[in-house]
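# below are the sequence and a predicted model; questions follow.
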Amino acid sequence: MRETGGGVWGFTGSTMTSLMFFWAMYNQFFPYHLRVLIETYVYKLMGLVSNSVHIKFNEHSGLKKSEAYNSIRSYLSSKSTALAVRLKANEKGGGKSLVLSLDDHEAVEDVFNGVKVQWSSNVSKREEHANASGSEERRYFTLSFHRRNREMIIERYLGHVLREGRKIEFKNRERKLYTNNTSLYAREGKWCSVPFHHPATFETLAMELEKKERVKKDLIKFSKGKDYYRKVGKPWKRGYLLFGPPGTGKSTMISAMANFLEYDVYDLELTTVKDNSDLKKLLLDTKGRSIIVIEDIDCSLGVTGQKRKTKEEEEEEDEEGKKEKEKTFYEESERSKVTLSGMLNAIDGLWSSCSDEKIMVFTTNFVENLDLALIRRGRMDNHIEMSYCRFEAFKVLAKNYLEIEWHELYGEIERLVEEIDMSPADVAENLMPKSDEEDAEICLKRLVKSLEEEKVNVRKLAEEEEKKKADQEEK
Ligand SMILES: Nc1ncnc2c1ncn2[C@@H]1O[C@H](COP(=O)(O)OP(=O)(O)OP(=O)(O)O)[C@@H](O)[C@H]1O
Ligand SMILES: [Mg+2]
């Protein structure tokens, strides 16, 4: 692909300047309807004498922005940054970086399977009516090629351009965190988004390496599984249940997953969902390549009928007990009328009605409180336990917070963390230097002290428990 702003046509710089001057004058002084008439006849004349085929791609199709136009722009931007002389710079991520694209009235050549095509970026003024965006400028790309290649270009090249363009668009887009929390910013029953910039990655996530690798492999398999899911007749979705005590990294893991796959995140706050039908609408209103998260789902399941039951409890369950399942998730919340069955329907309805790549994640501190129907495989396919900080996880945290791989205190710390249950959040807090004077040794010693104190506390509690038991037995 090479730049054809002037050289390809064999024009000298001054001829080019004259042509551009002529073009500007033409746009300035000829009324719109006259230009349309002239252009129609010029095109017709050119069609009679030329072997070229031209396809026009408008920026707007009807009231909407054309997705094809956007994909073509992204495709051409990847080509033209290296070759075009005149580029346009657009801000991305609130001005943090720039995306370059082909400037107006600029053209570039592309080669596909040995066939040359030319793309030009055009803009014309339209005084009569403003277009859908309210602007009076009408932008479009024109693809020109020899008529003998018509079939190949239309059937293969265009598909290639749109596919590649979409990939680039996806990479360049600003990722988003959506919320339906009305008390924050969203309108009731609607998503509202902010830029998603969480720094967590799998490298900084503290957990057993083997488990971490398993999760990563699972995610890669899922994201590349479009054809596989189609082959086996399954909607392209996957559910994850993250469970474990507070501060073990469940929320951090979600951010790491989103960063790893470059997905958007939808944080679904069930308490603000009015009823089952609103829940369904919200879920259907989510885009593909996203993670839909319901945090602390155990807190939403205060209804006894929804808990996992023992055998005796199951036997005791009468008709009334069964009806409990239809009770709202949020008895304490007067607004939400979302029920368990509504939730199950929304999840299944969502998955079966749109096959975009979507991941749903539930987190809970008390997995035993959840209804089996909610977390059965097929709904929540992968159950991941986030556990207390053991030595492998500690090493990751020490690397993150202190930038060290080894220290003479490691032996003692290994013995302690394997014995004492301390969450990665608490370990991380101990490892974080509190001032510039604190070095790695001070932080590690603080951790050792904390772990030993915890050990004493645990022993004391166990002794008290035993004493209580003994007292009760005596009575
Ligand atoms: N496994 C981990 N790896 C790295 N950092 C962690 C991990 N677990 C916790 N942390 C640190 O502790 C903080 C709290 O962790 P996080 O919010 O992910 O825990 P959680 O399991 O979601 O807790 P909760 O059950 O209370 O929601 C995080 O901001 C992070 O800094
Ligand atoms: Mg959390």
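Perfect, thanks for sending it. Numbering: from 1, shown residues only. Ligands and ions are numbered 1, 2, ... in the order given.
# use CA for all of it now, contacts and neighbours both
Fine.
# with adjacent residues omitted, what lies nearest to Val417?
Arg390 (5.3 Å; CA to CA, 6 or more residues apart in numbering).
# from Ala462, how far out is that neighbour?
22 Å (CA to CA, to the nearest Å).
# the more surrounded of these two?
For Arg390 versus Ala462, the count of surrounding residues by other CA atoms under 10 Å is larger for Arg390: 24 against 12.
# I'd guessed that one sits against Arg415; true?
No. In terms of CA atoms under 8 Å, Arg390 does not count as a neighbour of Arg415; the distance is 9.5 Å.
# thinking again about what came up before, per-residue pLDDT of the residue nearest to Val417, please?
Looking at Arg390, its pLDDT reads 97.
# close to ligand 1, is the helix or strand containing Glu412?
Using DSSP states H and E, Glu412 sits within helix 410-419. No. Contact of helix 410-419 with ligand 1 (CA under 6 Å from any ligand atom) is absent, the minimum separation being 14.0 Å.
# buried residues in that helix?
410, 413, 416-417 (16 or more other CA atoms under 10 Å).
# what residues sit buried inside stretch 424-439?
Within stretch 424-439, judged by 16+ other CA under 10 Å, the buried ones are 424-428, 430-433.
# and for stretch 362-378?
Result for stretch 362-378 [16+ other CA under 10 Å]: buried residues 362-365, 367, 369-371, 373-375.
# and that stretch, end to end?
Across stretch 362-378, first to last residue, CA to CA, it's 14 Å.
# need the contact partners of it.
Outside of stretch 362-378, the residues within contact range by CA atoms under 8 Å, 6 or more residues apart in numbering are 238-246, 250-251, 293-298, 301, 306-308, 344, 380-381.
# would Phe260 count as being in a helix?
Yes. Counting by DSSP: H, G, I helix; E, B strand; the rest coil, Phe260 falls inside a helix.
# so which strand or helix has the nearest residue to it once chain neighbours are set aside?
Excluding the flanking residues, the one nearest Phe260 by CA to CA, 6+ apart is Thr201, at 6.8 Å. For Thr201, there is no host helix or strand (DSSP H and E).
# wait, Thr201 touches Ala256, no?
Yes. Counting by CA under 8 Å, Ala256 is a contact partner of Thr201 at 4.2 Å.
# which one's more surrounded, the two?
Ala256 (22 against 17).
# could you report the neighbour count for Glu39?
Neighbour count for Glu39, taken as other CA under 10 Å: 12.
# how about Thr248?
Applying other CA under 10 Å, I find that Thr248 has 23 neighbouring residues.
# quick one: strands adjacent to whichever strand or helix holds Ser193?
Taking DSSP H and E as the criterion, the element that holds Ser193 is strand 192-195. Strand pairing for strand 192-195, using DSSP bridges, gives strand 176-179 (antiparallel).
# mind listing what Val361 touches?
Val361 neighbours (CA under 8 Å, 6+ apart): 239-242, 254, 291-295, 380.
# strand partners of the helix or strand that contains it, parallel vs antiparallel please.
In the assignment (DSSP H and E), Val361 maps to strand 358-364. Strand pairing for strand 358-364, determined by DSSP bridges: strand 237-243 (parallel), strand 290-294 (parallel).
# model confidence over whatever helix or strand comes next after the shortest one, on average?
Sequence-wise, the next helix or strand downstream of strand 290-294 (DSSP H and E) is helix 297-300. Confidence over helix 297-300, taken as the mean pLDDT, stands at 78.
# by contact count, what packs against helix 297-300?
Contacts defined by 3 or more CA pairs under 8 Å, 6 or more residues apart in numbering; DSSP states H and E place helix 297-300 against strand 358-364.
# does any part of the strand it packs on sit near ligand 1?
No. Strand 358-364 does not reach ligand 1 (CA under 6 Å from any ligand atom); its nearest approach is 6.7 Å.
# how about the CA coordinates for the helix or strand that comes right after that strand, as CSV?
Counting by DSSP H and E, the next helix or strand C-terminal to strand 358-364 is helix 372-375. Output of helix 372-375 as CSV, limited to C-alpha atoms (Å, rounded to 0.1, in the frame of the first residue of the first chain):
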residue,chain,number,x,y,z
LEU,A,372,-28.0,-25.2,43.6
ALA,A,373,-30.1,-24.2,40.6
LEU,A,374,-28.3,-20.9,40.4
ILE,A,375,-24.8,-22.3,40.4
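# picking that back up, from the buried residues of stretch 424-439, pick the one nearest ligand 1.
Using CA to the nearest ligand atom, Ala425 comes nearest to ligand 1 of the buried residues of stretch 424-439, at 3.4 Å.
# tell me the contacts of that closest one?
Here Ala425 is in contact with 247-249 (CA under 8 Å, 6+ apart).
# which strand or helix spans it?
Using DSSP H and E, Ala425 falls in helix 424-431.
# could you do Arg459 as well?
Going by DSSP H and E, Arg459 is in helix 440-474.
# report the contact partners of the closest residue to Tyr263 other than its chain neighbours.
Once flanking residues are discounted, Tyr263 sits nearest to Ser290: 4.7 Å by CA to CA, 6+ apart. Neighbouring residues of Ser290 by CA under 8 Å, 6+ apart: 258, 263-266, 357-359.
# now, the most widely separated pair of these?
Greatest spatial distance among the contacts of Ser290 (CA to CA): Tyr266 and Glu357, at 13.6 Å.
# the more surrounded of these two?
Comparing Tyr266 with Glu357 by neighbour count (other CA under 10 Å), the higher total belongs to Tyr266, at 24 against 21.
# that one and Thr272, how far apart?
Using CA to CA, Tyr266 is found at 14 Å from Thr272.
# with Val367 instead?
On the measure of CA to CA, Val367 and Thr272 end up 23 Å apart.
# interface residues of the stretch 301-450 of the chain facing ligand 1?
Near ligand 1, when you scan the stretch 301-450 of the chain using CA under 6 Å from any ligand atom, you find 365, 424-425.
# related to what we said a few turns ago, in CSV: the strands paired with strand 358-364, plus mean pLDDT.
Shown next, in CSV, are the strands paired with strand 358-364 (pLDDT from 0 to 100):
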stretch, mean pLDDT
strand 237-243, 94
strand 290-294, 95
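# of these, which is nearest Asp103?
That would be strand 290-294 among the strands paired with strand 358-364, by CA to CA, at 32.5 Å.
# got the CA positions of the closest one in PDB?
Below are the C-alpha coordinates for strand 290-294, written out as PDB (Å, rounded to 0.1, in the frame of the first residue of the first chain):
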ATOM      1  CA  SER A 290     -18.100  -8.300  28.200                       C
ATOM      2  CA  ILE A 291     -18.200  -9.600  31.800                       C
ATOM      3  CA  ILE A 292     -21.500  -9.300  33.600                       C
ATOM      4  CA  VAL A 293     -20.800  -9.300  37.300                       C
ATOM      5  CA  ILE A 294     -23.200  -9.800  40.300                       C
END
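# just give me how far that strand sits from the chain centre.
Its chain's C-alpha centre and that of strand 290-294 lie 9 Å apart, by CA atoms, centre = their mean, to the nearest Å.
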